[in-house]
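[1] Pasted the sequence and its predicted model underneath.
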Amino acid sequence: MPTVSRLTVAPVKGLAVQHPDEIRVERDGVPGNRQFFLLDPHGRLFSGIRHGRLVTVVPEYEPAGERLSLRFPDGNVVEDEIRLGEAVEVDLWDRPVASHVVTGPLGEALADFVGKQLRLVRVDAEGGGWDERVVSLLSEASLEELRRRSGHDGPVDGRRFRMLVQVAGCDPHEEDTWIGRRLRLGEAVVRVVEACARCATTTQNPDTGRRDFDTLREIPAYRGLTDGKHVDFGVYADVEEPGRVRVGDPVEPLD
């Protein structure tokens, strides 16, 4: 039976990811995941696509104490309580999300690192900053198939796809067969809705942010394009029954 092999969360979108042993999946998000975002001076989302080196900044978020720390590649650490300023509405993939600007040194440090005027914002809802859907899944077998088909030197690191749940013990792209079906993930139940259309972030090294593997060419080279334009890899799911998900939990199709 397929099992959860890794969980991946990003407290700040575009920065380094973390791999907790367990998460709680709610209908409206995963608490602590994608809780913070960066906006440019025009109010547009600013992420790793526009500045790959953001992945070299390691965030640590403490929701209970409402504190965030940022460790920069030079070893400097900036830490502060979350102090909220003006309310803003962030456009996340055509979905308006209520948020507040974070005031103080955290946003200033990130702006200095990037060399642009940026604002750090916190999404009001816990875990409410998800992409197309709350849950994303990708199998280790699909990563290995991409390595084999592309001739990539060494394993393809799943972190470059930034998926919430990585799955072991299934066939390459078996997750595609789950579209339209319900899955039990540990204590949670999700319904797989659609494939994940990939973006240029996946071409970047998850440690350095440099572009080092042309996923947007290699994936469609053997899988083709969906609707003539989308590079699909992995799947999205909605949450039907909230619950805890742990590494090692079964991933069980229910219908």
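    Thanks, I have it. Numbering: from 1, shown residues only.

[2] ranges for the helices of this structure?
    Assigned by DSSP state H, the helices in the chain fall at 105-114, 140-150, 215-223.

[3] how about the last one: buried residues?
    Of the residues in helix 215-223, those with enough neighbours to count as buried (16 or more other Cβ atoms under 10 Å) are Thr215, Glu218, Ile219, Pro220, Arg223. All C-beta atoms are positioned from the backbone trio N, CA, C, and that covers glycine.

[4] what residues are up against the residue nearest the centre of the chain?
    Nearest residue to the geometric centre of the chain (Cα atoms, centre = their mean): Arg162, 4.1 Å. Taking Cβ atoms under 8 Å, 6 or more residues apart in numbering, we find Arg162 in contact with Thr8, Ala10, Val17, Thr201.

[5] do you know how far the last one is from Ala10?
    Remark: distance between Thr201 and Ala10 (Cβ to Cβ, to the nearest Å) = 11 Å.

[6] neighbour count winner among those two?
    Ala10 (23 against 20; other Cβ atoms under 10 Å).

[7] Now do the same contact list for the closest residue to that one other than its chain neighbours.
    Nearest residue to Ala10 in three dimensions, chain neighbours excluded: Val17, at 4.9 Å (Cβ to Cβ, 6 or more residues apart in numbering). Each residue near Val17 by Cβ under 8 Å, 6+ apart is listed here: Thr8, Val9, Ala10, Arg159, Arg162, Pro206.

[8] Tell me the one of these nearest Pro41?
    Nearest to Pro41, judged by Cβ to Cβ, of these is Ala10 at 23.1 Å.

[9] tell me the pLDDT at the closest one?
    We have a pLDDT of 95 for Ala10.

[10] Which residues are in contact with it?
    Ala16, Val17, Gln18, Asn33, Arg34, Pro59, Arg162.

[11] hmm, back to that, could I get the contacts of Arg162 in JSON lines, plus columns for distance to Gln166?
    Below are the contacts of Arg162 laid out as JSON lines (distance: Cβ to Cβ, whole Å):
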{"residue": "Thr8", "distance to Gln166": "7"}
{"residue": "Ala10", "distance to Gln166": "14"}
{"residue": "Val17", "distance to Gln166": "11"}
{"residue": "Thr201", "distance to Gln166": "17"}
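
[12] so how far is Pro73 from the nearest residue to Arg71 once chain neighbours are set aside?
    Counting by Cβ to Cβ, 6+ apart, Arg71 lies nearest to Val58, which is 4.3 Å off, once chain neighbours are set aside. Separation of Val58 from Pro73 (Cβ to Cβ) stands at 9 Å.

[13] returning to that earlier point: list the ones among the contacts of Ala10 that fall in strands.
    Pro59 (DSSP state E).

[14] Of the contacts of Ala10 - the most surrounded one?
    Ranking the contacts of Ala10 using other Cβ under 10 Å puts Asn33 first, with 25 neighbours.

[15] Having no further points to raise, I will conclude here.
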